[in-house]
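Asks: next input, structure requested:
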Amino acid sequence: MRILLALPLTLIGLPAAAYDICHEAWFLRNLNFDRAGYCFGSALGQAVFDNTGCVGTAVTLGAEAQRHVAAVKEFEDWFGCNVNTAQTRLDLPYANMLRRLESLPVPTDTGSGCMGYHGAEFDVYAGPRMTAPVLARVKQGYNITWEYTHVSVEGWGIVAISDDRGLIAIGWSSTPVRDPDCDLVAG
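Replies: Sure thing, here's the model as predicted:
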């Protein structure tokens, strides 16, 4: 039986309830700079990225990273984000899952989900390609949520997968999930 709910995903215990979305946006935006070798001067930047292997503050971002930074900044502006970079802790318990992604997602304030997936198993990847490292396998009974967008990767999407114990992985998938494959559809 399919039931469509228009509830915020935070009400059903998905990852969105456990963190500050502005912290996530700040992290994702600055992860581009860290990967380019940026040396962070703020207390938060140094605590989160630790400046290991940094090369300076005049780094060049590739085209994809530039588009990603612009999209995240737009999100931060729209959402009114103002992360205190004097702090030394970021409210983002799954930052290491995001670090594993080759192509970074853009957070959104909306999402949808498939609770109780019972379709065929499939893999989620570090990047939007079948040859990227596999991060996890979606199995029957897992919950699949779409809480991110991305910068133009045709046919692929970012998913978060969880079970009743919590978040398992965040990764890329090109596998379509149909409503009949879910016990419950939200969003």
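
Asks: buried stuff in the longest strand along the chain?
Replies: Using DSSP state E, we find that the single longest strand of the chain is strand 106-117. Buried residues in strand 106-117, counted by 16 or more other CB atoms under 10 Å: 106-107, 111, 113-115, 117. Just so you know, the C-beta spots here come from the backbone N, C-alpha and C atoms, and that holds for glycine as well.

Asks: and G127, how many neighbours?
Replies: 18 (other CB atoms under 10 Å).

Asks: quick one: it and E64, what's the gap?
Replies: Noted for G127: a distance of 11 Å to E64, by CB to CB, to the nearest Å.

Asks: which neighbours do these two share?
Replies: Counting by CB atoms under 8 Å, 6 or more residues apart in numbering, the common neighbours of G127 and E64 are S103.

Asks: now A65: which helix or strand?
Replies: helix 63-79 (DSSP states H and E).

Asks: against which helices or strands is that helix packed?
Replies: When contacts are defined as 3 or more CB pairs under 8 Å, 6 or more residues apart in numbering; DSSP states H and E, helix 63-79 packs onto helix 21-35, strand 106-117.

Asks: what do you get if the cut-off is 6 Å, keeping everything else the same?
Replies: With contacts taken as 3 or more CB pairs under 6 Å, 6 or more residues apart in numbering; DSSP states H and E, helix 63-79 sits against helix 21-35.

Asks: after the helix it packs on, next one along is what?
Replies: Proceeding N to C from helix 21-35, the next assigned helix or strand is helix 43-49, under DSSP H and E.

Asks: what does that next one rub up against?
Replies: 34, 40, 85-88, 90 (CB atoms under 6 Å, 6 or more residues apart in numbering).
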